[in-house]
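1. this is the structure alone, sequence omitted:
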RNA sequence: UCCUCGGUAGCUCAAUGGCAGAGCAUCCGGCUGUUAACCGGAGGGUUGCUGGUUCGAGUCCAGCCCGAGGAGCCA
């Protein structure tokens, strides 16, 4: 009597005729007066549930089986047989159905087998993974995460665990959450951070990049993949205060190598998703976004469009469009501009490269023209920036000049500067937002529905 | 943070300033190797909160709370 998961059964890995036990949660129950009930049992191992056929002869049929409602947990034991009905190849002819946990008030059970809004489901985030949509998203998220690690591992990258807590006080990537053990409820005057846990101000990381550069400048090909925190007061369908970011960093590489890596990497993880999660993608195409699979298939078979920022500005100027924010060289691209580029001009993802240095971070390598830096953004239709990256400034004099221009204190970056003093090397990298990648792959509209427990301004319940 | 829209049964949604409703869910009954089954019946409401206008407010007004879309910031 082996315990099996639903995925193994439905994939045909378990021969019919076998005695098996499945464990999971009831989706629906339908009774037949012929003397049996059909119970759809779901265990999360795949999209589809397994149909358990419970005959009236079961000892607890009247007392328990006929009282099962959506959400009850059960252990069903029986014989796997070819299905006598339409709609599924195999089913479990139950010889025993044990109710492990009842739903205490079926009428108010928050997850009912019917259409519920995603907004409502956010209010019951502890139960929403039991739904088709959030279950599918969880499996997609897992598959993409595994593919990310697999890609890097297969390509000789080392996974570096950069710190979550950082004392770098001006990484320039956004507002930071403070980490402190000072007694905030009894503060007298200004806090004395020399008395704080780390003896100085400390924060949650907004990027592992600066740290991971140190390992790239020793181990050549590295990446980080972990949680990232931004205390921005941004309230949109594309922003979270806590999200997961992938940041590869490669030595002896320039911006083109970086863009090549981004393209190869994204194609790999999307191919893996298409190959490994077709059940969930089929559902998402039916219920969330008709274009999701076609978009992924196009993505993995076509080349990225690459254009310089200067050419992008020229295209926008010649578009004949009137934008709310007028287009001129030197400006940062606004959402409306990114939308036009990706959704109308290119009709797909586009890599915009070599931005004006005035709108980019201090560590990006200054180009020979003195006006632009070797930065790149991968823009995707409907989402905007999915990847932001650059070739790093490896020349100490240029780096110092940039920090001075931006009013940064080089002493705060002494270890970052050391990389340029000792065996400096051209290197590059980028950051990919995991949740934005999931949005692109699935067509989900709101980033809060592709992470289990979203954190955003005013919201950290669960 | 700014702009716009919204909040009615467990869920999804109706209701010209005039008796607060439907579908699904739940419970009861019927029917069927059923497929988010189907048919009949029943229960289920502080219309987000507070105040105001009115003979009368789910509906109009003000403030607040919550949600969504867009913008900014970014991944």
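-> Sure, I can see it. Everything numeric in this text was worked out from a predicted model, so none of it was measured.
2. stretch A:213-233: which residues count as buried?
-> Using 16 or more other CB atoms under 10 Å as the test for burial, stretch A:213-233 gives A:213-217, A:220-226, A:228-230. For glycine as for every other residue, the C-beta is placed from the backbone atoms N, C-alpha and C.
3. contacts only, for residue A:130.
-> Neighbour list for residue A:130: A:25, A:42, A:71, A:111 [criterion: CB atoms under 8 Å, 6 or more residues apart in numbering].
4. and residue A:24, helix, strand or coil?
-> strand (DSSP: H, G, I helix; E, B strand; the rest coil).
5. from the buried residues of stretch A:213-233, pick the one nearest residue A:179.
-> Of all the buried residues of stretch A:213-233, the one with the least separation from residue A:179 (CB to CB) is residue A:229, at 9.8 Å.
6. distance of the closest one relative to residue A:400?
-> The gap separating residue A:229 from residue A:400 is 29 Å, by CB to CB, to the nearest Å.
7. hang on, the earlier thing: and RNA strand B, which of the buried residues of stretch A:213-233 reach it?
-> Checked against RNA strand B using CB under 7 Å from any atom of the strand, those yield the following neighbours: residue A:230.
8. among the buried residues of stretch A:213-233, name the ones in helices.
-> A:213, A:214, A:215, A:216, A:217 (DSSP state H).
9. I'd like those residues as TSV, with pLDDT appended.
-> Shown next, in TSV, are those (pLDDT from 0 to 100):
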residue	pLDDT
A:213	96
A:214	96
A:215	97
A:216	97
A:217	97
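10. sticking with residue A:437, tell me its helix or strand.
-> Taking DSSP states H and E as the criterion, residue A:437 maps to helix A:434-442.
11. can that helix be found next to RNA strand B?
-> Yes. Helix A:434-442 is in contact with RNA strand B by CB under 7 Å from any atom of the strand, via A:435, A:436.
12. who touches the residue of chain A found nearest RNA strand B in this structure?
-> Using CB to the nearest atom of the strand, the closest approach of chain A to RNA strand B is made by residue A:85 at 2.2 Å. Going by CB under 8 Å, 6+ apart, residue A:85 touches A:38, A:51, A:91.
13. how near is it to residue A:240?
-> 44 Å.
14. measure residue A:243 to residue A:455 for me?
-> Residue A:243 sits 9 Å away from residue A:455, going by CB to CB.
15. oh sorry, the question was meant for residue A:267
-> Noted for residue A:267: a distance of 31 Å to residue A:455, by CB to CB.
16. ok, of the contacts of residue A:85, which come out buried?
-> A:51, A:91.
17. filter the contacts of residue A:85 down to the ones near RNA strand B?
-> Residues of the contacts of residue A:85 in contact with RNA strand B (CB under 7 Å from any atom of the strand): A:38, A:51, A:91.
18. in strands, which of the residues you listed appear?
-> Counting by DSSP state E, the part of those found in strands is A:38, A:51, A:91.
19. give me phi/psi at the closest residue in space to residue A:213 that isn't next to it in sequence?
-> Once flanking residues are discounted, residue A:213 sits nearest to residue A:249: 5.7 Å by CB to CB, 6 or more residues apart in numbering. Torsion angles at residue A:249 (phi, psi; degrees, to the nearest 10) stand at phi -140, psi 130.
20. next one: residue A:54
-> Here residue A:54 shows phi and psi, under degrees, to the nearest 10, equal to phi -110, psi 110.
21. in the stretch 351-462 of chain A, which spans are strands?
-> A:372-380, A:384-391, A:427-433 (DSSP state E, counting those that start in this stretch).
22. direction included, what does the shortest one pair up with?
-> This points to strand A:427-433. strand A:242-251 (antiparallel), strand A:384-391 (antiparallel) (DSSP bridges).
23. was I right about residue A:228 contacting residue A:240?
-> No. Using CB atoms under 8 Å, residue A:228 is not in contact with residue A:240, being 9.2 Å away.
24. and residue A:390, what is it in contact with?
-> A:255, A:258, A:360-361, A:363-365, A:373-376, A:428-430.
25. so where do the helices sit in chain A?
-> Using DSSP H, the helices of chain A run over A:6-10, A:118-123, A:132-154, A:209-219, A:255-276, A:278-287, A:292-301, A:309-317, A:335-339, A:396-405, A:414-421, A:434-442.
26. which other helices and strands does the second one contact?
-> Taking 3 or more CB pairs under 8 Å, 6 or more residues apart in numbering; DSSP states H and E as contact, the helices and strands that helix A:118-123 lies on are helix A:132-154.
27. centre of the chain to the helix it packs on, how far?
-> Distance of helix A:132-154 from the chain centroid (CA atoms, centre = their mean, to the nearest Å) equals 8 Å.
28. what of stretch A:62-75?
-> For stretch A:62-75 - counting by CA atoms, centre = their mean - the centre lies 35 Å from the chain centre.
29. quick one: residues in contact with that stretch.
-> With CB under 8 Å, 6+ apart, stretch A:62-75 has contacts from A:21-29, A:31, A:37, A:39, A:41, A:52, A:54, A:56, A:58, A:97-103, A:106, A:109, A:111-113, A:130.
30. now these: which count as buried?
-> Buried residues within the contacts of stretch A:62-75, counting neighbours by 16+ other CB under 10 Å: A:22-27, A:29, A:31, A:37, A:39, A:41, A:52, A:54, A:58, A:97, A:99, A:103, A:109, A:111, A:130.
31. wait, residue A:410 sits on residue A:400?
-> Yes. Taking contacts as CB under 8 Å, residue A:410 lies within contact range of residue A:400: 5.9 Å.
32. what about the two, which has more around it?
-> Just comparing residue A:410 and residue A:400: by other CB atoms under 10 Å the higher neighbour count belongs to residue A:400, 17 against 13.
33. next one, pLDDT for the more buried one please.
-> For residue A:400, the model assigns a pLDDT of 95.
34. wait, doesn't it sit right on residue A:417?
-> Yes. Counting by CB under 8 Å, residue A:400 does reach residue A:417; the two are 7.5 Å apart.
35. find residues that contact each of those two.
-> Going by CB under 8 Å, 6+ apart, residues that sit against residue A:400 and also against residue A:417 are residue A:410.
36. spell out which residues of the stretch 151-300 of chain A are next to RNA strand B.
-> So the stretch 151-300 of chain A meets RNA strand B at A:173-174, A:207, A:230, A:232-241, A:243, A:245 (CB under 7 Å from any atom of the strand).
37. that concludes my questions; thank you for your assistance.
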